[in-house]
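*Asks:* next input, structure requested:
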Amino acid sequence: MAKKSILNKKSIDFLESYLNNAAPTGYEWEGQKIWMNYLKPYVDEFITDTYGSAVGVINPKAKYKVVIEGHADEISWYVNYISDNGLIYVIRNGGSDHQIAPSKIVNIHTKKGIVKGVFGWPAIHTRDKAKEETPKPDNITIDIGAKDKAEVEKMGVHVGCVITYPDEFHILNKDKFVCRALDNRMGGFMIAEVARLLHENKKTLPFGLYITNSVQEEIGLRGAEMITQTIKPNVAIVTDVTHDTTTPMIDKKKEGHLELGLGPVVAYAPAVQQKLRDLITETAEEKKIPFQRSALSRATGTDTDAFAYSNGGVASALISLPLRYMHTTVEMVHRDDVENVIKLIYETLLKIEEGETFSYFK
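*Replies:* Below is the predicted model of the structure:
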């Protein structure tokens, strides 16, 4: 008998529209509107802040507060310099990968709308094969078909315009989701699905649940740093992506063994509160949800760190989604892992008791 899918057509339609919308770091609000519109039937109210983080709240009057969190922003580029002959040089907005840029189509976001361009690259025939240059941030340029700088400016492009890739959502082999910005639009999607399941299954929580979509993670966890001060939670369960390490050129001895289709990844790191993490792994074992483990040295590099070390210390944990080809336009995740992250967060929430301190001294 086939297992019943958590995701339905409405879920997938939401995921597709949410992914296909550009939401570069610092420009997340249109994506947040799509997310909030989907979440609206399942929450009591919303909180938004100055920089665009959005929170759907269930039981807003409860004193004990639990956050489930993803981040809304995607990596991108900025226009940094326009040459006299109309070529555009860029700088990163987040961890954009210069090596994948050549021959990519781009969208430059201007006040006049989208201006299309291409990252050009010298033809193979013209390159010195004895000392071939690799793509670097200082030698990749965007061509928008303009003859000079004045024409670029006339098209509405100026220094500071943000640049994204137009690649859109598709499914490979029935169960692999592929798109740019799965890091970490998947997180926002999964926490929204948790809220939907709680509503549809008529679950009443003994605490306030803050379904949090933070901005500006890609440039240093900044949105989470801000919103945790607003919410002041007691507990935070963060979800982000992590590396599938089974593809070529990844050293498992350094990165560990993690694989698409084998389940959510539970993090071990100083920022992860161990009693909360134990609750998560025990829930997974009890509910027969497959999971993997990952050890992270010093920092997790995710919003977990921002929540954990805020407000005098917030019990925090990280549940990651295995992903191939991070920070490319063909990021890939397994549908089964997506469903199991949703299940694991959902089932863990049902086990958290109001007032739980997760103290090591009890």
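
*Asks:* tell me how the chain divides into domains.
*Replies:* Domain segmentation of the chain under the TED database yields 9-74+180-350, 76-164.

*Asks:* out of the ones you listed, flag the one nearest I171.
*Replies:* Closest of those to I171 is domain 9-74+180-350, at 8.1 Å (criterion: C-beta to C-beta). C-beta: built from backbone N, CA, C; applies to glycine.

*Asks:* restricting to C-alpha, output stretch 178-190 in PDB.
*Replies:* Only the C-alpha atoms of stretch 178-190 are listed here, as PDB (Å, rounded to 0.1, in the frame of the first residue of the first chain):
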ATOM      1  CA  VAL A 178      14.900  21.300  -8.500                       C
ATOM      2  CA  CYS A 179      15.300  25.100  -8.500                       C
ATOM      3  CA  ARG A 180      17.400  28.100  -7.500                       C
ATOM      4  CA  ALA A 181      16.700  29.300  -3.900                       C
ATOM      5  CA  LEU A 182      15.700  25.900  -2.500                       C
ATOM      6  CA  ASP A 183      18.200  27.300   0.100                       C
ATOM      7  CA  ASN A 184      16.100  28.200   2.000                       C
ATOM      8  CA  ARG A 185      12.700  28.800   0.400                       C
ATOM      9  CA  MET A 186      12.200  25.100   1.300                       C
ATOM     10  CA  GLY A 187      12.400  26.000   5.000                       C
ATOM     11  CA  GLY A 188       9.600  28.600   4.700                       C
ATOM     12  CA  PHE A 189       7.500  26.100   2.700                       C
ATOM     13  CA  MET A 190       8.000  23.300   5.300                       C
END
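
*Asks:* and it, what's its mean pLDDT?
*Replies:* Computed over stretch 178-190, the mean pLDDT rounds to 98.

*Asks:* got the domains of the chain as TSV, with mean neighbour count and distance to H170 columns?
*Replies:* Output for those, formatted as TSV (neighbours: other C-beta atoms under 10 Å; distance: least, C-beta to C-beta, whole Å):
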stretch	mean neighbour count	distance to H170
domain 9-74+180-350	20	9
domain 76-164	15	16
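
*Asks:* how about JSON lines for those domains, with distance to K174 added?
*Replies:* Listed next are the domains of the chain as JSON lines, based on distance: least, C-beta to C-beta, whole Å:
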{"stretch": "domain 9-74+180-350", "distance to K174": "8"}
{"stretch": "domain 76-164", "distance to K174": "26"}
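
*Asks:* all the helices of the stretch 201-350 of the chain, in order from the start?
*Replies:* Secondary structure of the stretch 201-350 of the chain (DSSP state H, counting those that start in this stretch): helices located at 222-231, 252-255, 274-286, 303-308, 335-349.

*Asks:* dump those helices to JSON lines, plus mean pLDDT and distance to L7.
*Replies:* Shown next, in JSON lines, are the helices of the stretch 201-350 of the chain (pLDDT from 0 to 100; distance: least, C-beta to C-beta, whole Å):
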{"stretch": "helix 222-231", "mean pLDDT": "98", "distance to L7": "26"}
{"stretch": "helix 252-255", "mean pLDDT": "96", "distance to L7": "29"}
{"stretch": "helix 274-286", "mean pLDDT": "98", "distance to L7": "19"}
{"stretch": "helix 303-308", "mean pLDDT": "98", "distance to L7": "24"}
{"stretch": "helix 335-349", "mean pLDDT": "98", "distance to L7": "6"}
